[in-house]
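Visitor: Below: sequence and its predicted model.
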Amino acid sequence: MTLSKTTLAIAFAALSMGLMACTDNQKDSATEAETEAKEMATKAKEKSVELYEKTKEGASDLADSAADMAGDVKDSTVEAYDEAKDKASEAYDTTAEKATELKADAAKKLKEACIATKKKMGEDPKDCE
């Protein structure tokens with residue numbers, strides 16, 4: 001039995017060493033995997049920062065473009081307002097001139113009608129002035 005106990009002890013020792021060897025390999029493999037995972041996480045973080053910066057730049061450019069467009073719209077609106085104001089002023093002036101002409105014509109016709117009426121009635125047309 002001694003032989004079999006010794007054989008068993010040697011076999012157990014060999015098995016333990018084999019398991020330890022596997023464990024060391026597994027530890028090395030796990031360490032390598034951890035290192036690779038950390039490298040991947042670092043690269044992902046760097047890529048994320050890069051994408052964030054590009055997005056920020058794009059948003060800034062977009063905001064600048066929107067501000068430029070708003071400025072253009074404002075300028076166009078001011079121009080349109082000024083043009084409409086000028087046209088309205090011209091229309092008002094034209095209307096005022098036309099109204100003055102119509103008023104003068106109406107006064108002239110009223111005077112002529114007054115004179116004609118006074119003459120028909122045999123009265124003095126001097127009162128029509």
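Guide: Structure's in. What do you need?
Visitor: quick one: the strands in the chain?
Guide: Using DSSP state E, no strands are found in the chain.
Visitor: Spatially central residue in it, please.
Guide: Geometric centre of the chain, nearest residue: Ala66, 5.0 Å, by CA atoms, centre = their mean.
Visitor: Under the pLDDT cut-off, which ranges of this protein? List them.
Guide: Within the chain, the segments meeting pLDDT under 70 span 1-5, 8, 12-30, 33-34, 37-38, 41.
Visitor: same thing but at 80, please
Guide: 1-45, 48, 127, 129 (pLDDT under 80).
Visitor: which residue ranges form the helices in this structure?
Guide: 2-121 (DSSP state H).
Visitor: any idea how far the residue nearest to the centre of the chain lies from Asp72?
Guide: Distance, Ala66 to Asp72, using CB to CB, to the nearest Å: 11 Å. Where C-beta positions appear, they are placed from N, C-alpha and C, glycine not excepted.
Visitor: for Asp64, same thing?
Guide: Distance from Asp64 to Asp72, by CB to CB: 13 Å.
Visitor: what do you get for Tyr92?
Guide: Tyr92 is 30 Å from Asp72, by CB to CB.
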